[in-house]
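1. sequence below, structure please.
(chains A and B)
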2 protein chains.
Amino acid sequence: MRYTRVSVSGRAVWGRVGEEDVELLSESPLDDPRRRPHGEGGPTVIGTVPRAEAVWLPVVVPPVFYAVGMNYPRHIAHCGAEVPVRPEVGYRANNALTGHGSPIVKPAEVTGRFEAEPELVAVIGRTLRHATYEEARTAVFGWTIGNDVSARAWQHQDRTFWRSKNSDTFKPMGPWIETDVDALAQTTTLRVNGEVRAAFPTGDMVFDPFDHIVEITRHITMRPGDVLWMGAEATCRIEPGDTVDIEISGIGVLSNPVHPEGKPA
Amino acid sequence: MRYTRVSVSGRAVWGRVGEEDVELLSESPLDDPRRRPHGEGGPTVIGTVPRAEAVWLPVVVPPVFYAVGMNYPRHIAHCGAEVPVRPEVGYRANNALTGHGSPIVKPAEVTGRFEAEPELVAVIGRTLRHATYEEARTAVFGWTIGNDVSARAWQHQDRTFWRSKNSDTFKPMGPWIETDVDALAQTTTLRVNGEVRAAFPTGDMVFDPFDHIVEITRHITMRPGDVLWMGAEATCRIEPGDTVDIEISGIGVLSNPVHPEGKPA
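-> A predicted model of the protein is given here:
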């Protein structure tokens, strides 16, 4: 199944994505584990919109937005960082989220490298604490795609990632949550204006999503809708006028144009 | 006015705090700027609970949880850090929030210094971007108190603050939002088991809350309910069995017992 959120008359509505249409749902499929896609009850269909006309929103507004930094061996080597000895996470901020098809806005003040980072995202479907690896596996509701857009000069010059990674529109997430995929057996492909800039095995991680969930929940309660961005193996420059596509096989394509600041969306 | 959230039959309800009672409100006072406390319309009273029986929740679940690190001159000197040349922020995570009166749980695995950090908190009441200093002033709905509980060994050993500052219960916030106070002209007092451990002028900051809002909104849209924790001038050790009180004159007292992990709340 593919779930997402779309904008209908300015209101955020959950949807189930088919080949031609998006079926609008009465409620979130995430709120109650008894209402999981294959369980009893759950959301009912309250309308449809043609898929070609859908206005895609970030697939969820997470209670907590987790992001793994150093997790792919080649990226760690490229950054000259040390290979982590146990899973660690940071945070991103919800203001930065934007949907599939919406512009990434490059701030006028940004100089230097402005880059896309293609990431697999786990969406949590259950409340969990002190999870085992198996519990972590069953707690993932589904998988989506994130672009961890980064302004490198700010990233290196600031004490935190606040504006380098969390300025408005810097976190496209979508196009939908795929519930039926072996997410770690896929390929992540990064394209700019249709040209492949990077491709890597999605699952080539130091610690996988379930390792991270086990570690996080030793001290922290994770909840339905929390997202865990899994880091990138490769990055590439993007500039206003470009269109950046991130494809993860078995999930879909997250596509966003890049606009200069000041251009009307 | 003093606004908060309380638990009523397991449900979070907004309240207005009086001398004897908490008046339960039909909706959040934060959602619409036309519904500010002194405006027309707004929440209506749907019940009351005696203040002595109130179960206090974190005063708001913020869309984005901002926290300033280095902002008080003596704390910066104590840490051997450089005085910031412009406002900067980091993030904390909503899972860690807990209410006035609820326990701070010290994880069994924590060794070394386990500390309280008393902080002034600004609660945002309007959507704003590219704010002027004056717009920032009018965008603050009110003020509350935060305790930025920190496990120092984890803080120094980890790449991020994920578990050192964001483990469950590490972010008490309350007891209420005070809308009528000159928050920068107050005194912050930290007490453990009734004994004063630190006291400092609340407003003795390198950059004030409005400076931070101006800087943040150059790149980021702030929204009603966002919180901005302003950092601490002094900290002190806490241990299971202690009760830690943070008083900010003109606002109130945030009080929490410290429990060992495993003790029933």
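2. pLDDT wise, what is A:Ala151 at?
-> Here, the pLDDT recorded for A:Ala151 equals 98.
3. for A:Gly142, give me its contacts.
-> Contacts for A:Gly142 (C-beta atoms under 8 Å, 6 or more residues apart in numbering or on different chains) come out as A:1, A:3, A:123, A:125, A:177-181. Every residue, glycine included, has its C-beta placed from N, CA and C.
4. measure it to chain B for me?
-> 21 Å (C-beta to the nearest C-beta, to the nearest Å).
5. wait, is that residue part of a strand?
-> Yes: judged by DSSP: H, G, I helix; E, B strand; the rest coil, A:Gly142 forms part of a strand.
6. quickly list what it is bridged to.
-> A:Val123 (DSSP bridges).
7. among the contacts of A:Gly142, name the ones in strands.
-> Judged by DSSP state E, the subset of these located in strands is A:3, A:123, A:177-178.
8. A:Phe207 reaches A:Asn71, doesn't it?
-> Yes: with contacts counted by C-beta atoms under 8 Å, A:Phe207 reaches A:Asn71, the gap being 6.5 Å.
9. so for those two, which sits in the more crowded spot?
-> In this view A:Phe207 and A:Asn71 are compared by other C-beta atoms under 10 Å in any protein chain shown, and A:Asn71 has more residues nearby, 28 against 19.
10. returning to what we had before: identify the contacts common to A:Phe207 and A:Asn71.
-> What both A:Phe207 and A:Asn71 touch, as defined by C-beta under 8 Å, 6+ apart, is the set A:Pro84.
11. ok, back up a step: TSV for the contacts of A:Gly142, including pLDDT and neighbour count?
-> Output for the contacts of A:Gly142, formatted as TSV (pLDDT from 0 to 100; neighbours: other C-beta atoms under 10 Å in any protein chain shown):
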residue	pLDDT	neighbour count
A:Met1	95	15
A:Tyr3	98	26
A:Val123	98	23
A:Gly125	96	26
A:Ile177	98	28
A:Glu178	98	21
A:Thr179	97	18
A:Asp180	96	11
A:Val181	98	17
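12. of the residues you listed, which pair is most distant in space?
-> A:Gly125 and A:Val181 (14.4 Å; C-beta to C-beta).
13. quick one: low-confidence ranges for the stretch 151-265 of chain A?
-> Scanning the stretch 151-265 of chain A for pLDDT under 70 picks out A:263-265.
14. that older thread, want to throw the contacts of A:Gly142 into a markdown table with distance to A:Asp21?
-> Output for the contacts of A:Gly142, formatted as a markdown table (distance: C-beta to C-beta, whole Å):
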| residue | distance to A:Asp21 |
| --- | --- |
| A:Met1 | 14 |
| A:Tyr3 | 14 |
| A:Val123 | 22 |
| A:Gly125 | 24 |
| A:Ile177 | 17 |
| A:Glu178 | 17 |
| A:Thr179 | 18 |
| A:Asp180 | 19 |
| A:Val181 | 21 |
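15. so which bits of the stretch 51-200 of chain A are right by chain B?
-> Counting by C-beta under 8 Å from any C-beta of the partner chain, the residues of the stretch 51-200 of chain A close to chain B are A:61, A:63-64, A:69-70, A:84, A:88-91, A:93-96, A:107, A:109, A:129, A:158-160, A:162-163, A:166-168.
16. now the buried members of these.
-> Neighbour-count burial within these applies to A:63-64, A:69-70, A:88-91, A:93-96, A:107, A:158, A:160, A:162-163, A:166-168; the criterion is 16 or more other C-beta atoms under 10 Å in any protein chain shown.
17. out of those residues, which are inside helices?
-> A:162-163, A:166 (DSSP state H).
18. so which of the residues you listed comes closest to A:Ser28?
-> Using C-beta to C-beta, these come closest to A:Ser28 at A:Asn166, 24.5 Å.
19. wait, the closest one sits on A:Ala93?
-> Yes: using C-beta under 8 Å, A:Asn166 is in contact with A:Ala93, at 4.3 Å.
20. which neighbours do these two share?
-> With contacts taken as C-beta under 8 Å, 6+ apart, A:Asn166 and A:Ala93 have B:91, B:220 as neighbours in common.
21. out of the ones in strands among the contacts of A:Gly142, who's nearest chain B?
-> Taking C-beta to the nearest C-beta as the measure, A:Val123 is the one of the ones in strands among the contacts of A:Gly142 closest to chain B, at 16.0 Å.
22. and that closest one, how close does it get to A:Ser26?
-> 19 Å (C-beta to C-beta, to the nearest Å).
23. same question for A:Gly99.
-> Look at A:Gly99 and A:Ser26: by C-beta to C-beta, they are 21 Å apart.
24. the two - which one has more neighbours?
-> A:Gly99 (22 against 12).
25. so what does that one have for phi and psi?
-> Per-residue torsions, A:Gly99: phi -90, psi 170 (degrees, to the nearest 10).
26. that one contacts A:Lys171, doesn't it?
-> No: using C-beta under 8 Å as the test, A:Gly99 is too far from A:Lys171 to be in contact (10.4 Å).
27. pull up the overlap in contacts between the two.
-> Counting by C-beta under 8 Å, 6+ apart, the common neighbours of A:Gly99 and A:Lys171 are A:Pro58.
28. which residues of the stretch 1-150 of chain A fall in strands?
-> A:2-8, A:11-17, A:21-25, A:45-50, A:65-67, A:90-91, A:97-98, A:104-106, A:114-116, A:118-124, A:140-147, A:150-151 (DSSP state E, counting those that start in this stretch).
29. dump these to JSON lines, plus distance to B:Thr144.
-> Shown next, in JSON lines, are those (distance: least, C-beta to C-beta, whole Å):
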{"stretch": "strand A:2-8", "distance to B:Thr144": "31"}
{"stretch": "strand A:11-17", "distance to B:Thr144": "28"}
{"stretch": "strand A:21-25", "distance to B:Thr144": "36"}
{"stretch": "strand A:45-50", "distance to B:Thr144": "39"}
{"stretch": "strand A:65-67", "distance to B:Thr144": "23"}
{"stretch": "strand A:90-91", "distance to B:Thr144": "21"}
{"stretch": "strand A:97-98", "distance to B:Thr144": "26"}
{"stretch": "strand A:104-106", "distance to B:Thr144": "32"}
{"stretch": "strand A:114-116", "distance to B:Thr144": "37"}
{"stretch": "strand A:118-124", "distance to B:Thr144": "28"}
{"stretch": "strand A:140-147", "distance to B:Thr144": "32"}
{"stretch": "strand A:150-151", "distance to B:Thr144": "32"}
